[in-house]
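S.K.: based on what follows, work out the 3D shape:
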Amino acid sequence: MLPEQHTRLIAILRSVLDTLIPGQPLDITLERPKVAAHGDVASNVAMQAARAARRNPRELAQAVAAGVLAHPDAAGLIASAEVAGPGFINFRLSAAAHQAVLDAIQAQGERYGHRPATDERVLVEFVSANPTGPLHVGHARQAALGDSICRLFATQGAQVSREFYYNDAGNQIHNLAISVQARARGIEPDDPAFPADGYRGEYIQDIARDYLAGATVQASDGDPI
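M.R.: Numbering: from 1, shown residues only. Now for the predicted structure:
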């Protein structure tokens, strides 16, 4: 549902309610039904207004639904309005309203769904892969997930800060270094001379072997590391 369609339906509901119960200010909200088959958008406004109107919520909902369908501004927007439960009103958008969303997506392109910038600040910490152990596909997945969450917040106007701990200093890195040094010298993990807090995984031997061989890897810009 496009923002302008959302605003338009709320205006229609307010107009109908002003006719049914004049002078009663109401906070009208719309939400997606929990079950998609129930409709495109729903409102509980009849249940909110029932006490002030001194009417049964479901009976009032029926009157509101009928008023919306008869409202001239609903043409081309609302295809049906059905009352469910104690007084929920489920609306189904017209085919033209759905097609308007496709037109908006095509017209706005990559900017579709974006909202204006706000003062909301969001800090997202993600990945922070521990370099003292082997990297695996989960680290790559979390990097993609974390960045996607940041991009989503940004599309909604938030000022997003990303935080990624490289963890390239401290006791863990020290223990990693002395573990590699020990394996490079041929000291096995079960040797009493092996560092007490050292890492004993076979990947340490792989790192030591690559270090002794002068192995390099290529960065994305082509420079050897």
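S.K.: CA atoms for contacts and neighbours, from now on please.
M.R.: OK.
S.K.: which residues in the protein form strands?
M.R.: Here the chain has its strands, by DSSP state E, at 41-43, 78-84, 88-93, 121-125, 159-163.
S.K.: can you name every helix or strand that the fourth one contacts?
M.R.: Pointing back at strand 121-125 there. With contacts defined as 3 or more CA pairs under 8 Å, 6 or more residues apart in numbering; DSSP states H and E, the packing partners of strand 121-125 are helix 137-155, strand 159-163.
S.K.: just give the number of residues close to residue 91.
M.R.: 26 (other CA atoms under 10 Å).
S.K.: circling back to that earlier point, out of the helices and strands packed on strand 121-125, nearest to residue 125?
M.R.: Proximity to residue 125 (CA to CA) singles out strand 159-163 among the helices and strands packed on strand 121-125, at 4.5 Å.
S.K.: indicate each strand paired with the closest one and its parallel or antiparallel sense.
M.R.: As defined by DSSP bridges, the strand partners of strand 159-163 come to strand 121-125 (parallel).
S.K.: quick check: buried residues in the partner strand?
M.R.: Within strand 121-125, not a single residue qualifies as buried, counting by 16 or more other CA atoms under 10 Å.
S.K.: mind saving the C-alpha coords of that strand as CSV?
M.R.: Taking Å, rounded to 0.1, in the frame of the first residue of the first chain, the C-alpha atoms of strand 121-125 are listed here in CSV:
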residue,chain,number,x,y,z
ARG,A,121,20.5,7.2,15.2
VAL,A,122,21.2,3.5,15.0
LEU,A,123,24.4,1.6,15.9
VAL,A,124,24.7,-1.9,14.4
GLU,A,125,27.5,-4.2,15.4
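S.K.: export the strands of the chain as JSON lines, with columns for mean pLDDT and distance to residue 30.
M.R.: Shown next, in JSON lines, are these (pLDDT from 0 to 100; distance: least, CA to CA, whole Å):
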{"stretch": "strand 41-43", "mean pLDDT": "96", "distance to residue 30": "5"}
{"stretch": "strand 78-84", "mean pLDDT": "96", "distance to residue 30": "13"}
{"stretch": "strand 88-93", "mean pLDDT": "96", "distance to residue 30": "10"}
{"stretch": "strand 121-125", "mean pLDDT": "95", "distance to residue 30": "26"}
{"stretch": "strand 159-163", "mean pLDDT": "95", "distance to residue 30": "27"}
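S.K.: residue 59 is nearest to which of the ones you listed?
M.R.: Using CA to CA, those put strand 78-84 closest to residue 59, at 9.1 Å.
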